[in-house]
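Visitor: Whatever this is, show me its structure:
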Amino acid sequence: MKKIKLSITGCMGRMGQNLIKSSRSDKYFKLVSLTENKKINKKIGALKLELNTANAFKKADIIIDFTIPKCTLEVLKIAAQQKKRVVIGTTGFTKKEEKIIKNYSKKIPILKAGNMSLGVNLLMYLTEIASKSLGRKFLSKVYEVHHKGKKDYPSGTALMLGEGISTGKNKNLYSMIGKKYLNKKSFPYGKKINFNSIRKGSVVGEHEVKFSSGKEIVTLNHESFDRALYSEGALAAAKWLVNKKAGLYSMRDLLNFK
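Guide: The predicted model follows:
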């Protein structure tokens, strides 16, 4: 069996460390390089940490990137030049950056997801169905909780759920984003989608979508207890992407949700 040669960016971060651990216990992968966006004189196993350069990625079949938007775009530039496949778990992209990623996907296969969990992607699918079925009389809002070290808000997953609401109403996410709250005990529904982000402790992830007509409330939610589910999901995405042609894919494509 030929193993998939894997590069992991942001290897010193929470997800980077989990990806290293998960990939080492997965027989389908061979870890060939680990990178960070600043020079660190350290080895993890037999691999010396490298900067995001063409040399760092030359042996890889696929790159998994959980970093920050600026770093992701640097990685994509190199990947496009070398025709490498990329799984992106980074969140917090601007509308302009999303367009840049889409342009790169015309050259190489890219799977991008705000969340790699099967359960979360099912939740997004159910959110879309609920939004479409309940119609315009129901207002909606999204609530999320993450560990205190997470900087971006709303989370990529919260925005995914917002996209599910928007798609169900045949609207663009950016036209539907309402107010963004941070660490509020309560927050209102709105004609647009309001978001409330809580940052505390070491919470892996909690997400909740609420629809209200004023007479009844429909709630959809998901809780994560182990960060390994994200790294294992990213590896599943990498296995799936390795045989795909250039294009921009999501976990929905992998899971074959219609």
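
Visitor: make it CA atoms for all contacts and neighbour counts henceforth
Guide: Will do.

Visitor: nearest spatial neighbour of the residue positioned nearest the centre of the chain, skipping sequence neighbours?
Guide: Closest to where the C-alpha atoms of the chain average out (CA atoms, centre = their mean) is Gly114, at 2.3 Å. Spatial nearest neighbour of Gly114, chain neighbours left out: Gly156 (4.4 Å); criterion: CA to CA, 6 or more residues apart in numbering.

Visitor: hang on, the earlier thing: tell me the pLDDT of the residue nearest to the centre of the chain.
Guide: If you check Gly114, the pLDDT there is 83.

Visitor: and it, how far is that from Ala60?
Guide: Going from Gly114 to Ala60 by CA to CA, to the nearest Å gives 23 Å.

Visitor: ok, Glu97 - how many residues close by?
Guide: Under the neighbour criterion other CA atoms under 10 Å, Glu97 is assigned a count of 15.

Visitor: Please report how far it lies from Leu76.
Guide: Using CA to CA, we find Glu97 at a distance of 11 Å from Leu76.

Visitor: what's near enough to touch Lys48?
Guide: For Lys48, the contacting residues are Ser33, Leu34, Asn41, Lys42, by CA atoms under 8 Å, 6 or more residues apart in numbering.

Visitor: Tell me the one among the residues you listed nearest to Lys185.
Guide: Using CA to CA, Leu34 comes nearest to Lys185 of the contacts of Lys48, at 40.1 Å.

Visitor: Which residues does whichever strand or helix holds that closest one contact?
Guide: Take DSSP states H and E as the rule and Leu34 turns out to sit in strand 29-34. The list of residues contacting strand 29-34 from outside it, by CA under 8 Å, 6+ apart, reads 3-11, 20, 23-24, 47-50, 56-57, 59-60.

Visitor: Out of these, which end up buried?
Guide: The neighbour count (16 or more other CA atoms under 10 Å) marks 4-11, 20, 23, 49-50, 56-57, 60 as buried among the contacts of strand 29-34.
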